[in-house]
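In: mind folding the following:
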Amino acid sequence: MTHEQQQRVFIVDNSVARLQKIRVLLQSVGLVAETYGTPGEFLENYDVSHSGCLILGLRLPQMSGLELFRRLRRQEDLIPVVFFTEHGDVATAVTAMREGAFDFLEASTSEQHLLDRVNAALRRDREIRAKTAERMAAAARIGQLSPRERAVLDLLMAGKGSRDIARELEATPKTVDVHRASILKKVDVESVAQLACLYFIAGLAGTRCRKEPPEPESPPAGCSDNARGILQGAVRR
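Out: Here you go, the predicted model:
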């Protein structure tokens, strides 16, 4: 990664001292940090194409950290968000984690633990972007199909055979087989099994491919011990 491509850690907090402290800490281990005192300033300068993560305070001017987090999710921005605050409470932490926050840390957490969680969040963003690129590439390959071929594909992926597809599309089984051969050639796969895999990767195989994370009944994998304890306590209640 060149410096221009290097991942960024965005920090939004209304405390100038805390912004400075976190920025110095991150820069001390070679991370690129951008600091913002308000959500509006962050949104005005934020470039979603930059890989990274967001360290986010809760009590902010203009809108709360939780509101900013929700706004990003409504925009389908899946940047990993680490809440970092001295104003946290159990209810807010549970809400943030259940809505998909990467972690929820108290301001008293150690510097090393914060660095560990930031590095984990950066890894998560790389994974998300790699999967997104893979999904888009698969969707582009399927996008080459004609409307008729796409109709055949959808029915094929629904488990229908050539005769059933032919009946539904008012065509002959031979015509369906010709379309199937054309589909395999256009999307550059050798079998229906590979085609099904591509279809799934493209996000066309049902709700499991949706971007919205389900509400977890248990702590999300990888969350910190602090956030895990908060969530487990809430589940017990």
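In: now do the buried residues in stretch 12-21.
Out: 12-14, 18-19 (16 or more other Cβ atoms under 10 Å). No exception for glycine: its C-beta is placed from N, CA and C like everyone else's.
In: please report how far M136 lies from I142.
Out: Counting by Cβ to Cβ, to the nearest Å, the gap from M136 to I142 is 11 Å.
In: which one of these two has more residues nearby?
Out: Using other Cβ atoms under 10 Å, the more surrounded residue of M136 and I142 is I142, with 19 against 14.
In: and the more buried one, how far from L78?
Out: 22 Å.
In: what about the residue lying closest to V48 once chain neighbours are set aside, how many neighbours?
Out: Spatial nearest neighbour of V48, chain neighbours left out: D77 (5.7 Å); criterion: Cβ to Cβ, 6 or more residues apart in numbering. Neighbours of D77 under the rule other Cβ under 10 Å: 13.
In: just A101 next, same as before
Out: 23.
In: what sits against it?
Out: 69, 81-83 (Cβ atoms under 8 Å, 6 or more residues apart in numbering).
In: and for R148?
Out: Per Cβ under 8 Å, 6+ apart, neighbours of R148: 169, 179.
In: buried residues in the host helix or strand of it?
Out: Taking DSSP states H and E as the criterion, R148 maps to helix 147-157. If you call a residue buried by 16+ other Cβ under 10 Å, then helix 147-157 has these buried ones: 149-153, 155-157.
In: same thing with stretch 32-47?
Out: 32-39, 42-43, 46.
In: ok, stretch 180-188 next?
Out: Buried-residue list, stretch 180-188, by 16+ other Cβ under 10 Å: 180, 183, 187.
In: so how far is stretch 111-119 from its chain's centroid?
Out: 20 Å (Cα atoms, centre = their mean, to the nearest Å).
In: repeat for stretch 153-167
Out: 32 Å.
In: from the buried residues of stretch 32-47, which is closest to G65?
Out: Among those, P39 lies closest to G65 (Cβ to Cβ), at 7.8 Å.
In: correct me, but that closest one touches Q62?
Out: Yes - under the criterion of Cβ atoms under 8 Å, P39 makes contact with Q62 at 5.1 Å.
In: how about the buried residues of stretch 12-21 in a markdown table, adding secondary structure and distance to D116?
Out: Formatted as a markdown table, those follow (DSSP: H, G, I helix; E, B strand; the rest coil; distance: Cβ to Cβ, whole Å):
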| residue | secondary structure | distance to D116 |
| --- | --- | --- |
| V12 | strand | 20 |
| D13 | coil | 19 |
| N14 | coil | 25 |
| R18 | helix | 19 |
| L19 | helix | 20 |
